[in-house]
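In: next come a sequence and a model predicted from it.
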Amino acid sequence: MKVFKFGGASVNSIERIQNLADILKEFPNEQIMIIVSAIGKTTNALEKVAHSFFAGRKEEAIAAFQEIKNAHLDITKQLLRGNLAYAEAYLADIFTEVEWMLHDKPVRDFDYYYDQVVCSGELLSTRILSFYLEERGISNRWVDVRDIFRTDDNFRDANINWNFTEDQVTSQIRPLFQKVNLVITQGFIGSTDENESTTLGREGSDYSAAIFANMLNAESLTIWKDVEGVMNADPKSIAEAVLISELNYDEVIEMAYYGAQVIHPKTIKPLQNKSIPLQVKCFLDASLPGTIIHNKSLKGLPPIIVWKHQQALLHLHSKDFSFVGEKPVSQLYLMLAELKMKPNLLQSGAVTLQLCLDDNPEKLEKLAHKAGELFDIQIEKGLSLLTIRHYTERVIEEQAAQKTRVLLQQTPETVQILVRP
């Protein structure tokens, strides 16, 4: 049993969907659980629909969703022949699920509506892929993961009910492999006890795949991406980026923590619990070896470079010049937890705290308002955070050249530098 996860880039055109089918044909006798993301930038487009709806711009939301409908129907018509009518009927059910809601008025929190809208992207992509594979003679079963993954109602960052979900995997998923070798479902989404759709956090499809790998006792999980494997830097911004052929779980967790867009941070633990290796492979050339991630120790890794842009620095100063001690810091962390904000860098002095966060204007405003009861606050924006694992002085100088250093934090393994352009 293997688990494959295909991201949105792997299904963002007719040619790439056809290529995905070609990859699966290379595993004719393998039992494979397949998790697929939404097509291309569909999630971003659906987010705009949710924002328009929640802001009361109903007609704008409906028009934007119509564009998403048209795009998926167009892809379906280009891919399918014999299964076209069946596919369109199934897609219509998914469209209707969203459209009914868009004709109402919002009466709940935004995060609830976000999940009800955005989950449709994965449902659409997997339906289309399932029908296309059948036309290519690749037998499979499509599953609505909302019938499998039970979560709490922490919308946009839902937590899995492991016991219920594992029971569903055992009773609903395992029997399917007695009939077919391929089962297709969605990443990123689940549902509550009330059958309300939830999402597991942005880019949560990797996590979904890891959960399935764990519960199915898979021999491996393969994440198919549009790069050669895991690189030591983003090749789109650093031309000298090189492939890392081998990593361990700890290193990948560190990379994800510091913001590397490689593997979702929650992905590793379900794999580590059962020592399931993770492969990162290139769907553009499946013959490339990619990267293998395991539980063994490693030495001699190259410098790993992560840039996070659109950062804000909060300068916090105690109002009465008292020491910034345990109580105000613990209160600050409670505020961050309530707002679902993670500090990317924190530095403290006797009466000051400096906190680097992603520049989310809405959340920053709420945090500043709450923290203003404890501290005098100044906010600096337009910054970038550079993190280098296994750094050398030469790499630091190359990456931070011609930039003003605002904050620096350094350990023997990792250096972080907050810079102005």
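Out: Nice, thanks for sending it over.
In: list the buried residues for stretch 370-387?
Out: For stretch 370-387, burial by neighbour count (16 or more other Cβ atoms under 10 Å) applies to Lys370, Ala371, Leu374, Phe375, Ile377, Ile379, Leu383, Ser384, Leu385, Leu386, Thr387. C-betas here are computed from N, CA, C, even on glycine.
In: helix or strand for the residue of the chain most remote from its centre, which one?
Out: No residue in the chain sits farther from the centre than Asp320, which is 42.0 Å out by Cα atoms, centre = their mean. Under the criterion DSSP states H and E, no helix or strand holds Asp320.
In: OK, contacts around it?
Out: Contacts for Asp320 (Cβ atoms under 8 Å, 6 or more residues apart in numbering) come out as none.
In: quick check: it vs Asp376, distance?
Out: Look at Asp320 and Asp376: by Cβ to Cβ, to the nearest Å, they are 10 Å apart.
In: packing partners of the helix or strand hosting Glu362?
Out: Assigned by DSSP H and E, Glu362 belongs to helix 361-371. Helix 361-371 sits against strand 304-318, helix 326-338, strand 375-389, with contacts defined as 3 or more Cβ pairs under 8 Å, 6 or more residues apart in numbering; DSSP states H and E.
In: in the very next helix or strand once past the second one, what counts as buried?
Out: Read in the C-terminal direction, the helix or strand following helix 326-338 is strand 345-348, with elements assigned using DSSP H and E. Of all the residues in strand 345-348, those buried under the rule 16+ other Cβ under 10 Å are Leu345, Leu346, Gln347.
In: select the longest helix from this protein.
Out: Among the segments of the chain that qualify as a helix by DSSP state H, the longest is helix 58-79.
In: tell me what it is packed against?
Out: On a contact count with 3+ Cβ pairs under 8 Å, 6+ apart, helix 58-79 meets helix 14-25, helix 42-54, helix 84-102, helix 120-135.
In: output the contacting helices and strands for the second one.
Out: If I follow you right, that is helix 42-54. When contacts are defined as 3+ Cβ pairs under 8 Å, 6+ apart, helix 42-54 sits against helix 58-79, helix 84-102, helix 110-118, helix 120-135.
In: can you list the buried residues in the longest one?
Out: Residues of helix 58-79 classed as buried under the neighbour-count rule (16+ other Cβ under 10 Å) are Ala61, Ile62, Ala64, Phe65, Ile68, Lys69, His72, Leu73, Ile75, Thr76, Leu79.
In: sorry, back to before: turn the buried residues of strand 345-348 into JSON lines, including pLDDT.
Out: Formatted as JSON lines, those follow (pLDDT from 0 to 100):
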{"residue": "Leu345", "pLDDT": "94"}
{"residue": "Leu346", "pLDDT": "92"}
{"residue": "Gln347", "pLDDT": "92"}
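In: between those, which sits nearest Lys366?
Out: Nearest to Lys366 among the buried residues of strand 345-348 is Leu346, at 18.5 Å by Cβ to Cβ.
In: what pairs with the closest one across the strands?
Out: Taking DSSP bridges as the rule, Leu346 bridges to Leu355.
In: next up, the contacts around it.
Out: Per Cβ under 8 Å, 6+ apart, neighbours of Leu346: Leu353, Gln354, Leu355, Cys356.
In: next one: His294
Out: By Cβ under 8 Å, 6+ apart, the neighbours of His294 are Glu246, Leu247, Asn248, Tyr249, Ser275, Pro277, Leu278.
In: assess the claim that the first one and Ile292 are in contact.
Out: This points to Glu246. Yes - assessed by Cβ atoms under 8 Å, Glu246 is found in contact with Ile292 at 5.6 Å.
In: so between the two, which is more surrounded?
Out: Comparing Glu246 with Ile292 by other Cβ atoms under 10 Å, the one with more neighbours is Ile292, at 19 against 15.
In: so what touches the helix holding Glu362?
Out: Ala312, Leu314, Leu316, Leu332, Met335, Leu336, Leu339, Lys340, Met341, Leu357, Ile377, Ile379.
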